[in-house]
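> Need the 3D shape of this:
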Amino acid sequence: MARYQIILAYDGTDFFGFQRQGKTRTVQLVLETALASLGWQGRSILAAGRTDTGVHAWGQVASFELDWHHSSDALKSALNANLPDDVAVRDVCEAHEEFHPRFNALSRTYQYSIYCQPQREPLLQRYAWQVWPAVEILCLQQAASLFPGTHDFSAFGNPPRPNGSTVRTVYRAEWKEQNGCLRFEVSADAFLYHMVRRMVYLQVMAAKRKISLEGLEQAIREARRQMPGLAPAHGLVLAAVAYDISKMV
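Sure, this is the predicted structure:
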């Protein structure tokens, strides 16, 4: 019996989030169903994060124990053969027996995409938020520069556990133009529930001059709540989770 770590990509459009919810179609359910077809008898896989309904992933990390007598590449092929078209295992490797994809993570990186045009774009609609009138990337970049550092982010989300800490350290936050979209990329030690979507929404509102940069800064520095609202889930992607490689094998 060995512990395996996998990197998972999925289109979240037709999933009710990652976490298993009975027989509801979630990413965890279809992954565990695929594993069961290979002889897995565990109770639950472990994952780096629980993405919401409609949220996508390129770098979700999961782990499980499996009695597998073939190579890691063969396991990847077998899993992909049993997974639906909107999920794929990108990589498989053996991990340390105590490896936990959530608790051992050093940082997580999310990306959020918007596009600015008056009519919807079918090739972007599932993966980016349509924002119109257009916002300027310079304004978004000025807003993003306020986030890095260690702050109480209670104005941007809720902790995963009741009464949990709302202090998080953001390592990097920036906007770039890419493939016809404006893309926000943010890395932190961890995130609150809805934190990235709230960050994006308030930055867009600042770029639209509906709140000031000073108001956004108060939300960050003083944990002061501003106007309500969330960016839509479908623009969000869990891009990567980073680990100390020396502790994984």
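> make it CA atoms for all contacts and neighbour counts henceforth
OK.
> which helices and strands sit right next to the helix or strand of the chain with the lowest mean pLDDT?
The helix or strand with the lowest mean pLDDT-type score in the chain, counting by mean pLDDT, DSSP states H and E, is helix 213-221 (a mean of 95). When contacts are defined as 3 or more CA pairs under 8 Å, 6 or more residues apart in numbering; DSSP states H and E, helix 213-221 sits against strand 149-152, helix 195-207.
> and with 7 Å instead?
Packing contacts for helix 213-221, counted by 3 or more CA pairs under 7 Å, 6 or more residues apart in numbering; DSSP states H and E, involve no helix or strand.
> what sits up against that helix?
Helix 213-221 has contacts (CA atoms under 7 Å, 6 or more residues apart in numbering) with Ala143, Leu146, Phe147, His151, Phe153, Ala155, Ala206, Arg224, Arg225, Gln226.
> in which helix or strand would I find the second one?
Put plainly, it is Leu146. Assigned by DSSP states H and E, Leu146 falls within no helix or strand.
> Just checking, which helix or strand succeeds the helix or strand hosting Ser77 along the chain?
Ser77 belongs to helix 72-82 when assigned by DSSP H and E. Sequence order places strand 87-95 as the next helix or strand after helix 72-82, per DSSP H and E.
> Quick check: buried residues in that next one?
When burial is assessed from 16 or more other CA atoms under 10 Å, strand 87-95 yields the following buried residues: Val87, Ala88, Val89, Asp91, Val92, Cys93, Glu94, Ala95.
> name the helices or strands packed onto that strand?
If you count contacts as 3+ CA pairs under 7 Å, 6+ apart, strand 87-95 packs onto strand 2-10, helix 72-82.
> Can you tell me which of the ones you listed is most buried?
Mean neighbour count (mean count of other CA atoms under 10 Å) peaks for strand 2-10 among those, with a mean of 21.
> any idea of the angle that one forms with strand 87-95?
On the basis of axes from the mean of the first three to the mean of the last three CA atoms, to 10 degrees, strand 2-10 is oriented at 150 degrees to strand 87-95.
> in its sheet, what does strand 2-10 sit against?
The pairing partners recorded for strand 2-10 under DSSP bridges are strand 56-66 (antiparallel), strand 87-95 (antiparallel).
> Redo the ones you listed as CSV? Include distance to Tyr193 and mean pLDDT.
Output for the strands paired with strand 2-10, formatted as CSV (distance: least, CA to CA, whole Å; pLDDT from 0 to 100):
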stretch, distance to Tyr193, mean pLDDT
strand 56-66, 15, 98
strand 87-95, 23, 97
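> mind checking which of those strands is nearest Leu29?
strand 87-95 (11.5 Å; CA to CA).
> still on that earlier bit, now the angle from the least confident helix or strand of the chain to helix 195-207?
For helix 213-221 against helix 195-207, the angle by the same axes, to 10 degrees is 160 degrees.
> Report the buried residues of helix 213-221.
Leu213, Gly215, Leu216, Glu217, Gln218, Ala219, Ile220, Arg221.
> one step back: using CSV, write out every CA atom in the helix holding Ser77.
Extracted in CSV, the C-alpha atoms of helix 72-82 (Å, rounded to 0.1, in the frame of the first residue of the first chain):
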residue,chain,number,x,y,z
SER,A,72,2.7,6.0,-11.5
ASP,A,73,2.3,6.7,-15.2
ALA,A,74,0.1,3.6,-15.5
LEU,A,75,-2.0,4.8,-12.6
LYS,A,76,-2.4,8.2,-14.3
SER,A,77,-3.6,6.5,-17.5
ALA,A,78,-6.0,4.2,-15.6
LEU,A,79,-7.5,7.1,-13.7
ASN,A,80,-8.0,9.2,-16.8
ALA,A,81,-9.6,6.2,-18.6
ASN,A,82,-12.2,6.1,-15.8
